[in-house]
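*Asks:* Could you work out the structure for the sequence below:
(3 chains)
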Amino acid sequence: MDLFNNLVMGFSTAATASNLMYCFIGVTLGTLIGVLPGIGPSATLAMLLPMTFGLPATTSLIMLAGIFYGAQYGGSTTAILVNLPGEASSAVTTLDGYQMARQGRGGVALGVSAIGSFFGGTIATIFVALFAPFLASVALSFGPAEYFSLMIFGLIGAVVLASGSILKAIGMILFGLVTGLVGTDVQTNALRFTFGFDDLFDGMDVVVVAMGIFAFSEIAMNLDISEQRERFLSKVKGLYPTWQEIKQVLAPCTRGTIIGTILGVLPGGGPLLASFSAYTIEKKIAMEPGRFGHGAIEGVAAPETANNAAAQTSFIPLLTLGIPTSGAMALMLGAMILQGISPGPLVMTNVPDLFWGMIASMWIGNGMLLILNLPLIGMWVKLLTVPYRLLFPAILAFCCIGLISFDNNTFDVFLGAAFGLLGYIMVKLGCEPTPFLLGFILGPMMEENLRRALVMSRGDATVFFTRPISAVFILLAAGLLISVILPSVQARRKEAFSG
Amino acid sequence: MIKRMISGLLAASSLICFPSVSLAAFPDKPITIVVPFGPGAGSDAVTRFLSERSSKVLGVDIYIDYKDGASGAIAAGDVKRSPRDGYRLILNSNSGAAANVYLFKSLNYDPVADFTPITGLTRNPLVLAIKPDIPAKNLEEFIKYAKENTGKLNYGVGNSSSMANAALFMSKAGFEATQVGYKALPAALIDLLGGRLDFLFCDPFAVKDHVKAGKLRALGVTSTARLKSMPDVPPIADVILGYELVGWIAAFAPAGTPSEIISVLNKAFVETLKQKESDDYLEGLGMQVFPTTPEEMGIFQKDQIKLWSEVLEKAGVPRN
Amino acid sequence: MIKSGQDFLAGLLFLAMGVFILITGWDLPVGTARRMLQGYFPSLVAWLLCLVGAILSVKGVITPGAPVPRFAIRSMLPLIAVVAFGLLLRPAGLAGAVTVLIFISSFGLSFRFLDALALSIFMIIFIWLVFVKGLGLPLHLWPGL
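*Replies:* Numbering: from 1, shown residues only, chains lettered A, B, ... in the order given. Predicted coordinates for the structure are as follows:
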């Protein structure tokens, strides 16, 4: 039993007093950072990296990893409470989580999200322990063609997750796609759509855009008396999910874990695609898809499970190949190099105590996060009973400071306000912000991979169909598209016949 | 990104990290080194290591101020305006102190006129790695193979060094291949390992273990000396005479800093670089120590500006 | 007559955005499918956006749906407050910018002077402690300090 011995070694490494303490510091900091708007896990890792030089390699990596997955827990808190996705991957949580909060079920949403995150995090860690080398080969088999097809699938999925008009959802995706292209073109190094603003050379950051179109526009909508909408119910229905509710989300959590585990190993959009796909699938297979977008508990459970599972498996390319798949992972790689560990396929054999110690610490850390987050729910829900006339200026102030903390640049504040205005207008016109955000994030990746795939195939577009993984995604996308369009066409026929 | 916040925290952490005794004359207070990248970047290891060790030689603390962004212009602009007293220095690389002259039509600093060189610190060669199913055991065989398949091979580029080396290599070896662009080298490495790229100029530490595991083949190094961490890999110059295009990091002070101060700093850095531990550590990361006199560094820098401009222009990189 | 003002307007907005991208990106080289340049993908997406916009506005003309929405001026208050914050942060310092932000936005919903004042003071202290002292964000509290 190699695995058993390895796990014993891992736990004996992770369970020393100092490693436990740093793991706890890491996940606590991560949760806090996740809750504060603007500051994401990459920024926090960058900030704390220099402080870990004095620590042993394993201890420092345990703490940094804790910050990373702890931030995933915290990011969903603001998504549920104030419609502000702390991380791109929790954007989809706003759809039903925020609606639940408005219906006085914020505590239940937070509870399900914490339990789901724990579930996804721990199960995915088992996969990391058992199948890390296999999952690494999945990452390697994804080339530009596969990635592009996966994104086509993801974008069609974005149409599904919109609850209104299909045409408007497609429009919002395309709008998001072009907005994401602002900045410097990766392939040619040329500037596009920067309109002379130096601050746009590196493009717009997703956190700024999300703050504008989600949080600011939501506040603007809430002040719009012509809307006649409930802001928040001060009456809280149930603080924690009931057994009934937990049983209800068991299947969505399992599906979310599988999706998250697989998509998490992909470079770039892993956790994001995982949460969107998990949501799309739940909505597609639900008996009453109409509940989604109006506070369906599965719509919180599945994506939250998926993005936490993905957060754990996104360590696989780093630990088994030495390849960082996101900004946060690049910082973890930096930490390894600084500690004198040569990242690559030999980490598992050269420093097994580091590899297995980190895996064991992920279990321990996820447990700590659950224990840490459940009591906090009461406090968060209390916050929602504060009268809205006091709550929303405070949220605005936090958001503004978050925007400033981002790059210490007031340009981001104005950009956030501009996206707030855009979001408000779009919502008034019946267009939802989520497909826009997905398009915004996937746009540049899609273009990069499309161009790369066609350069590699010398302009031959059939690669998308001849490469098996890519073909599967194209087929899935086509199936999804048909299943989206058919019901609405049928509905219109019915209308035509009856009318 | 949030560089200022980092530097604030950093000042606090560095204080704990390397305590030291202060001496009379220069330096008698902590020195700050501004770097044009963020913590955790590949060059950060060098910075950390060297500042910690030279702080012992100089007898004062050395703080690191991370100012990444705008291709190094933020860091350079900062130090350019700093007092000429030797307490605020910059570590700059072949990008910020040479290639940027070509890459940006309007640069807010002049890498030669605005700074005084102190010394070279490291040279960072790249390794030419190929996917293992190419039937070439060495560089000659690979060049022969590439010429037979001219126009059919794909190569990745993820930064100006890898782009410039690929362009120089292909023009000297006499074949053509298709360039595939990436934001950074790790993404290109995935496609090389996945067999979708045929060759890539990449950092030695990133490919070393893959070569050991038989997943990649390393055929040549871009420096004229072999790497201690990969002693089996011969210099490309063994096959293509005169081939040498290597990234580097050097220390600079603002222009007009008194030469006595420069020479104190030069002595301290050079002494640090010549310690055996420095050599071992940097070689482990696939870098080579690069101690010079200030004058040598100045001449080297001017040559490099010319070299990188020529190579990048030939590679068809647009100027912004 | 236009049967759904909302759809019609949304369509026009998409159409306008598509046309805007096409015009501003007109001089970007497009390249070929084999070697796409920086203009290829944006113009492709812009054309699609124009198409979707056109279909949506036609749909708005011929099929019934929601009317043109009423835009509330009051809803602009939070956005104005954010812009004011951005403009005031450097000259007026954190305290001034936060106070103005909270007062302007509070006008949006049953404004009470004392509440807004108390909230401003609370937020300034909180932000000062967490973001400036705790996270080291380089902001000054008062003008010029």
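*Asks:* For chain C, which residue gets nearest to chain A?
*Replies:* Nearest residue of chain C to chain A, counting by Cβ to the nearest Cβ: C:R34, 2.9 Å away. For glycine as for every other residue, the C-beta is placed from the backbone atoms N, C-alpha and C.
*Asks:* average pLDDT for the lengthiest helix in chain A?
*Replies:* The single longest helix within chain A, with elements called by DSSP state H, is helix A:106-141. Averaging pLDDT along helix A:106-141 gives 89.
*Asks:* Specify the local secondary structure of the residue lying farthest from the centre of chain C.
*Replies:* Farthest-out residue of chain C from its mean C-alpha position, per Cα atoms, centre = their mean: C:R34, at 37.1 Å. Secondary structure, DSSP: H, G, I helix; E, B strand; the rest coil: C:R34 is coil.
*Asks:* For it, give me its contacts.
*Replies:* A:454-455, A:458-459 (Cβ atoms under 8 Å, 6 or more residues apart in numbering or on different chains).
*Asks:* quick one: which of the residues you listed is nearest chain C?
*Replies:* Closest to chain C, out of all of the contacts of C:R34 and judged by Cβ to the nearest Cβ, is A:G459, at 2.9 Å.
*Asks:* Flag every residue of chain C that's near chain B.
*Replies:* Residues of chain C lying near chain B by Cβ under 8 Å from any Cβ of the partner chain: C:135-138.
*Asks:* Tabulate those (JSON lines), appending pLDDT, neighbour count and secondary structure.
*Replies:* Formatted as JSON lines, these follow (pLDDT from 0 to 100; neighbours: other Cβ atoms under 10 Å in any protein chain shown; DSSP: H, G, I helix; E, B strand; the rest coil):
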{"residue": "C:L135", "pLDDT": "75", "neighbour count": "19", "secondary structure": "coil"}
{"residue": "C:G136", "pLDDT": "74", "neighbour count": "20", "secondary structure": "coil"}
{"residue": "C:L137", "pLDDT": "77", "neighbour count": "21", "secondary structure": "coil"}
{"residue": "C:P138", "pLDDT": "78", "neighbour count": "14", "secondary structure": "coil"}
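*Asks:* Compile those into a markdown table and extend it with columns for distance to A:A478.
*Replies:* Formatted as a markdown table, those follow (distance: Cβ to Cβ, whole Å):
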| residue | distance to A:A478 |
| --- | --- |
| C:L135 | 48 |
| C:G136 | 51 |
| C:L137 | 49 |
| C:P138 | 52 |
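*Asks:* Would you format those as TSV with distance to chain A included?
*Replies:* Shown next, in TSV, are these (distance: Cβ to the nearest Cβ, whole Å):
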residue	distance to chain A
C:L135	7
C:G136	8
C:L137	5
C:P138	6
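*Asks:* Domain boundaries for chain C, per the record?
*Replies:* For chain C, the domain assignment from automatic domain parsing gives the residue ranges C:5-62, C:73-134.
*Asks:* how about those in CSV, adding mean pLDDT and distance to B:P291?
*Replies:* Putting the domains of chain C into CSV (pLDDT from 0 to 100; distance: least, Cβ to Cβ, whole Å) gives the following:
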stretch, mean pLDDT, distance to B:P291
domain C:5-62, 91, 43
domain C:73-134, 92, 42
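*Asks:* Mind checking these for the one nearest to B:V112?
*Replies:* Nearest to B:V112, of all the domains of chain C, is domain C:5-62, at 31.8 Å by Cβ to Cβ.
*Asks:* what about residue 123, how many neighbours?
*Replies:* All of this refers to chain A. Neighbour count for A:I123, taken as other Cβ atoms under 10 Å in any protein chain shown: 22.
*Asks:* that's the wrong chain, I wanted chain C
*Replies:* 22.
*Asks:* Strands along chain A, start to end?
*Replies:* A:183-184, A:191-192 (DSSP state E).
*Asks:* Figure out which of those is closest to chain C.
*Replies:* strand A:191-192 (5.6 Å).
*Asks:* Just the residues contacting that closest one, thanks.
*Replies:* A:181-185, A:201, B:320, C:25, C:28, C:38, C:42.
*Asks:* Need the per-residue pLDDT for the residue of the stretch 301-450 of chain A found nearest chain B.
*Replies:* Nearest residue of the stretch 301-450 of chain A to chain B, counting by Cβ to the nearest Cβ: A:G334, 2.6 Å away. pLDDT for A:G334: 83.
*Asks:* That one and A:L48, how far apart?
*Replies:* Going from A:G334 to A:L48 by Cβ to Cβ, to the nearest Å gives 12 Å.
*Asks:* Likewise for B:D78?
*Replies:* 23 Å.
*Asks:* In terms of neighbours, single out the busier of the two.
*Replies:* More crowded of B:D78 and A:L48, by other Cβ under 10 Å: A:L48, with 23 against 18.
*Asks:* mind checking pLDDT for the more buried one?
*Replies:* 80.
*Asks:* Next, the contact list for it, please.
*Replies:* A:29, A:63-64, A:67, B:9.
*Asks:* Stretch A:417-427 near chain C anywhere?
*Replies:* Yes. Remark: stretch A:417-427 sits within contact range of chain C at A:417, A:420-421, A:424-426, by Cβ under 8 Å from any Cβ.
*Asks:* which residues touch the strand or helix carrying B:V101?
*Replies:* Here B:V101 sits within helix B:100-103, counting by DSSP states H and E. With contacts defined as Cβ under 8 Å, 6+ apart, helix B:100-103 is touched by A:189, B:71-73, B:95, B:107, B:111, B:160, B:305, B:308-309, B:312-313, B:317, B:319-320.
*Asks:* quick one: whichever helix or strand comes after it to chain centroid distance?
*Replies:* Next along the chain after helix B:100-103, taking DSSP H and E as the criterion, comes strand B:115-124. How far strand B:115-124 lies from its chain's middle: 10 Å, per Cα atoms, centre = their mean, to the nearest Å.
*Asks:* counting contacts, what elements does strand B:115-124 pack onto?
*Replies:* Packing partners of strand B:115-124 (3 or more Cβ pairs under 8 Å, 6 or more residues apart in numbering or on different chains; DSSP states H and E): helix B:42-58, helix B:73-80, strand B:88-93, strand B:247-254, helix B:259-274, strand B:288-289, helix B:294-314.
*Asks:* Adding distance to chain C and mean pLDDT, write those out as JSON lines.
*Replies:* JSON lines is the format used below for the helices and strands packed on strand B:115-124 (distance: least, Cβ to the nearest Cβ, whole Å; pLDDT from 0 to 100):
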{"stretch": "helix B:42-58", "distance to chain C": "19", "mean pLDDT": "83"}
{"stretch": "helix B:73-80", "distance to chain C": "14", "mean pLDDT": "84"}
{"stretch": "strand B:88-93", "distance to chain C": "17", "mean pLDDT": "91"}
{"stretch": "strand B:247-254", "distance to chain C": "22", "mean pLDDT": "93"}
{"stretch": "helix B:259-274", "distance to chain C": "28", "mean pLDDT": "91"}
{"stretch": "strand B:288-289", "distance to chain C": "34", "mean pLDDT": "90"}
{"stretch": "helix B:294-314", "distance to chain C": "18", "mean pLDDT": "91"}
